[in-house]
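Visitor: how would this look folded up:
(2 chains)
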Amino acid sequence: MIWLTWRQHRLQAAYLLLGTLAVSAALFPIGRAMHSAFDNDGLAECLRTNGNPEFIRPAEGMGCGEFADLFMGRFGSLLPLGILLVLLPMLVGLFLGAPLVAREVEQGTHRLVWTQGVSRLRWATTKFGLITLFGLALAAGYAVLLTWWIEPLAAAAGSRLEWLVFDLQGVVPLAYTLFAIALGIAAGAVSRKLLPAMGITLAGFVVARVLVAWLGRPRYQEPIERRISVVTDRLPNELHGEWNLSSGVYDASGRQIVANGNRYCPPEALANDRAPGVCDPTTYNLEVYQPAGRFWTFQWIEAGIFAVLAAALLAFAVYRVRNRIS
Amino acid sequence: MSTALETRGLGKRYGRNWALRECSLAVPAGRVAGLVGPNGAGKTTLLHLAVGLLRPDAGSVRVLGDTPETGLPRIGFVAQDAPLYRDFHAADLITMGQKLNKRWDSGFARDRLTQLRIPLDRKVGKLSAGQRAQVALALALARKPDLLLLDEPVASLDPLARREFLQVLMGGVAEHGTTVLLSSHLVADLERVCDYLIVLNESRVQVLGGVEDLLATHKVLVGPRRADRAGPVAGVATVIRESHTDRQTSLLVRTHGPVLDPAWMARDLTLEDLVLAYLAEPSSGSLPGPDRLGIENGMEMTS
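Guide: Model (predicted):
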């Protein structure tokens, strides 16, 4: 079975490996440039000096925002590239997962291979297992590279928990890849045709990822709230790493005055009273956020969700192969 | 063991439609059985049930004494259109067979393909349909099966390749006394090679028996014109088809003894005529061949 799996899939595997190497070769120099800029153009130095605290006093020149803006001005345009990069695991599902059962049935060769001296269960477990392992190995390389690559961008953009930044590093890329492969295999075992299987994989991957990221991720742990008076000279440090879920301005009775925004007045503005009513010291900013320290908890929770989904899909595919395809 | 394949009340349903129903039959070991029937009669369904690709919705099927399951040794199968991995070389397919089967004879497969002048180092997708069918057959035979099932193996072949394929098949199975079940919608293909016949029609077994017995007990009687469905003729069990001209009546009958009435002249018929007569009369079930014969046969075989 191992020989057969290798013989059947070596071309696909070679193409995927080449594709991964090509993407890596393109990303690597950019990553070097980003790391070098981050380390040498003042941002790293600034963060080291001020210790990157939760609150900063801009009046005392504590913030590193200028350096971060400088960095983002140079590399921020790379963030949309993340949208392409988060889709790479899906490609593995499309090209390794979807054809696994679908092409076999489409060409009728399942009737050749299943009537040799190997049971369908063994055929399915060996093939699914080996292909999944190969996909995971690719994903591991991809995850290591991207975790390194995105690090300075994440630091300058503010939080590792932010959309796209979270999705490209740590352990979740492996889980996404596992899920994409399992989805492709299961889709092929249901549709028995390659093109519909690829369509289901594409749609299913995007829908599952968007649903989990939008509805699940902000709620993995109860978010934290902090109230900050409108009149203050201590502002939240945007580089401290919080993932802001919402922010607004409320008056003393708890009524919302400003949605999706903040208002800060330095104490001297209150003294001058240039804008009566705007800088009412009883009003406060309410921020709801996930703290930076939860990054790995969130990584494992999200990876777990997709790993469980993948396991269910693989079990379903094995069932289909054993009982529903002839 | 005298029965290679046996089914009892076997049925398979797709949604509401029965592809095969109340199928009871037995193929004695050592026979070369032909499975005939029009397209959609349930031939492929029966074969897939027999190799374990499908599971029955009713009744039971046993092959070589076992309940079929994919991965069984001793059973060879060539599916319709002889599916092969098209980007594999024939040599790769032989290696595959060796990796996937405990009982396997690579040398046999290689020799056979060499004898047939089929290149081992060319992608099988580039071989002709006849050559691909031969490769599929060689792979099935290399498993040294006790029972070999072939689904329409010659349907896509030209007459010459067809004859060559059947010759190779008969040569291959003769060496081991392999039981063969071979489906086709063309009787002419089977007439040359089969000594046992199963006719499937409209999802049911219609005729079952040894070819010699069937030919010996079926006759065409020609005699003077008589009224349609007139009284019985001595020695005739059933009239399957009756046709009249102005002066003559001819009956296709199953006999249960010699027809001695001098008014009738008995003539032998070909297997093809016999099959076509039955296929044209699906309702001739109450008469000779179908279910009753199947059950009798089955009991005989298992006793």
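
Visitor: now the helices for the stretch 101-250 of chain A?
Guide: Along the stretch 101-250 of chain A, counting by DSSP state H, counting those that start in this stretch, helices occupy A:110-113, A:120-157, A:172-191, A:194-211.

Visitor: winner for burial among those helices?
Guide: Scoring these by mean neighbour count under mean count of other Cβ atoms under 10 Å in any protein chain shown gives helix A:172-191 as the most buried, with a mean of 28. Where C-beta positions appear, they are placed from N, C-alpha and C, glycine not excepted.

Visitor: which other helices and strands does it contact?
Guide: Contacts defined by 3 or more Cβ pairs under 8 Å, 6 or more residues apart in numbering or on different chains; DSSP states H and E place helix A:172-191 against helix A:88-92, helix A:98-106, helix A:120-157, helix A:194-211, helix A:295-323.

Visitor: which is the next helix or strand following the biggest helix by length in chain B?
Guide: With residue count as the measure and DSSP state H as the assignment, chain B has helix B:159-176 as its longest helix. Using DSSP states H and E, the next helix or strand after helix B:159-176 towards the C-terminus is strand B:179-184.

Visitor: got the buried residues for the longest helix of chain B?
Guide: Residues of helix B:159-176 classed as buried: B:161-162, B:164-166, B:168-169, B:172-173 (neighbour count, 16 or more other Cβ atoms under 10 Å in any protein chain shown).

Visitor: likewise stretch B:29-47?
Guide: For stretch B:29-47, by 16+ other Cβ under 10 Å, it's B:29, B:31-37, B:41-47.

Visitor: in a markdown table, list the helices of the stretch 101-250 of chain A along with mean pLDDT.
Guide: Shown next, in a markdown table, are the helices of the stretch 101-250 of chain A (pLDDT from 0 to 100):
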| stretch | mean pLDDT |
| --- | --- |
| helix A:110-113 | 95 |
| helix A:120-157 | 95 |
| helix A:172-191 | 97 |
| helix A:194-211 | 97 |
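
Visitor: Throw those helices into JSON lines and include distance to residue B:270, thanks.
Guide: Below are the helices of the stretch 101-250 of chain A laid out as JSON lines (distance: least, Cβ to Cβ, whole Å):
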{"stretch": "helix A:110-113", "distance to residue B:270": "33"}
{"stretch": "helix A:120-157", "distance to residue B:270": "42"}
{"stretch": "helix A:172-191", "distance to residue B:270": "46"}
{"stretch": "helix A:194-211", "distance to residue B:270": "46"}
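
Visitor: what sits closest to the residue in the stretch 101-250 of chain B that chain A sits nearest to if chain neighbours are left out?
Guide: In the stretch 101-250 of chain B, the residue that lies nearest chain A is residue B:101 (3.9 Å; Cβ to the nearest Cβ). Using Cβ to Cβ, 6 or more residues apart in numbering or on different chains and skipping residues adjacent in sequence, the residue nearest residue B:101 is residue A:117, 3.9 Å away.

Visitor: OK, contacts around the residue sitting nearest the centre point of chain A?
Guide: Most central in chain A under Cα atoms, centre = their mean is residue A:167, positioned 0.8 Å from the mean C-alpha point. Applying Cβ atoms under 8 Å, 6 or more residues apart in numbering or on different chains to residue A:167 gives the contacts A:82, A:86, A:173, A:176, A:209, A:213.

Visitor: count of neighbours near residue A:12?
Guide: By the criterion of other Cβ atoms under 10 Å in any protein chain shown, residue A:12 has 16 neighbours.

Visitor: ok, it to residue B:270 distance?
Guide: 53 Å (Cβ to Cβ, to the nearest Å).

Visitor: kindly report the same for residue A:222.
Guide: To residue B:270, residue A:222 is 85 Å away according to Cβ to Cβ.

Visitor: neighbour count for those two, which is higher?
Guide: Set residue A:222 next to residue B:270 and count neighbours by other Cβ under 10 Å: residue B:270 wins out with 12 against 7.

Visitor: excluding chain neighbours, what is closest to the more buried one?
Guide: Excluding the flanking residues, the one nearest residue B:270 by Cβ to Cβ, 6+ apart is residue B:191, at 7.3 Å.

Visitor: equivalent analysis for residue B:157, please.
Guide: residue B:130 (5.1 Å).

Visitor: so what's the one you found up against?
Guide: Going by Cβ under 8 Å, 6+ apart, residue B:130 touches B:157-158, B:160-161, B:164-165.

Visitor: just the element for it, please.
Guide: Per DSSP H and E: helix B:129-142 holds residue B:130.

Visitor: ok, back up a step: closest to residue B:112 out of the contacts of residue A:167?
Guide: Each of those was checked against residue B:112 using Cβ to Cβ; the closest is residue A:176, at 48.6 Å.
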